[in-house]
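In: what's the 3D shape of this:
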Amino acid sequence: MMLLNPEGLVFIGRRIGGPEHADQAYVWQMPQGGIDSGEDHWDAARRELYEETNIRSVEKIAEVKGWLTYDIPRTVAGRAWKGRYRGQRQKWFAIRFTGKDSEINVSSPAGHKPEFIDWRWEPMENLPDLVVPFKRPVYERVVEEFARLAGRSRR
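Out: Below is the predicted model:
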C-alpha cells in the first residue's frame with residue numbers, strides 16, 4: 001500500500017534484509033503483505049499495515065484497478081522463500097495517514113516480527129529508484145496511478 005502523509009509524502013521502510021536484497025542500494029519498500037484465504041483485500045491491507053508499522057489511523061483514498069504483478073529473478077527465487085514463489089500478484093491501495101508520526105513503530109509493530117529497521121517520508125516520484133530492480137515496474141505503475149495524490153492532502 002502507498003501510505004501518504006498530509007504533505008503528500010509516502011511512507012517507505014528500510015527492509016531488515018532478505019535474499020532479494022543483494023546490496024544496500026535498494027533496501028526500501030512500501031508496506032505489503034499477503035491476503036489470507038477469504039479475507040477482504042482492504043481488510044488485508046489494513047492488517048498488514050498494522051503488523052508492519054503499528055499504524056491504524058488511515059483512510060482509503062484510491063485503489064489500482066486490477067492486479068499488478070512481478071516476477072522474482074531466478075537467481076533470487078531459488079534462494080528466497082524456499083523456492084516456493086516465482087513472483088507476486090498485488091492489489092494496491094493509496095491510503096491517507098490521519099495520525100501522528102509517533103504512532104509509527106517499525107521496531108516492535110503490533111507484536112509482529114519487525115520487517116523494517118528504519119522508515120521515512122519520501123516524495124512519490126523517488127520511489128521506483130529505491131526498490132530492488134525487479135519490483136521497479138510495479139512501483140512505476142503505482143506512482144503513475146496515484147500521482148494526482150502527491151500534492152498536499154486535505155483533512
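In: So which residues of this protein form helices?
Out: 41-53, 74-77, 136-146 (DSSP state H).
In: Least confident of the ones you listed, on average?
Out: The minimum mean pLDDT among the helices of the chain belongs to helix 74-77 (a mean of 60).
In: thinking again about what came up before, compare the helices of the chain and report which one is nearest to residue 4.
Out: Between residue 4 and these, the shortest gap by C-beta to C-beta is with helix 136-146, which sits at 8.0 Å. For glycine as for every other residue, the C-beta is placed from the backbone atoms N, C-alpha and C.
In: The closest one - contacts with which helices or strands?
Out: strand 2-4, strand 68-71 (3 or more C-beta pairs under 8 Å, 6 or more residues apart in numbering; DSSP states H and E).
In: mind redoing it with 6 Å?
Out: Packing partners of helix 136-146 (3 or more C-beta pairs under 6 Å, 6 or more residues apart in numbering; DSSP states H and E): strand 68-71.
In: And the strands in this protein?
Out: 2-4, 10-15, 28-29, 58-63, 68-71, 87-90, 93-97, 116-122 (DSSP state E).
In: Dump the helices of the chain to TSV, plus distance to residue 110 and mean neighbour count.
Out: Output for the helices of the chain, formatted as TSV (distance: least, C-beta to C-beta, whole Å; neighbours: other C-beta atoms under 10 Å):
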stretch	distance to residue 110	mean neighbour count
helix 41-53	5	19
helix 74-77	28	14
helix 136-146	24	17
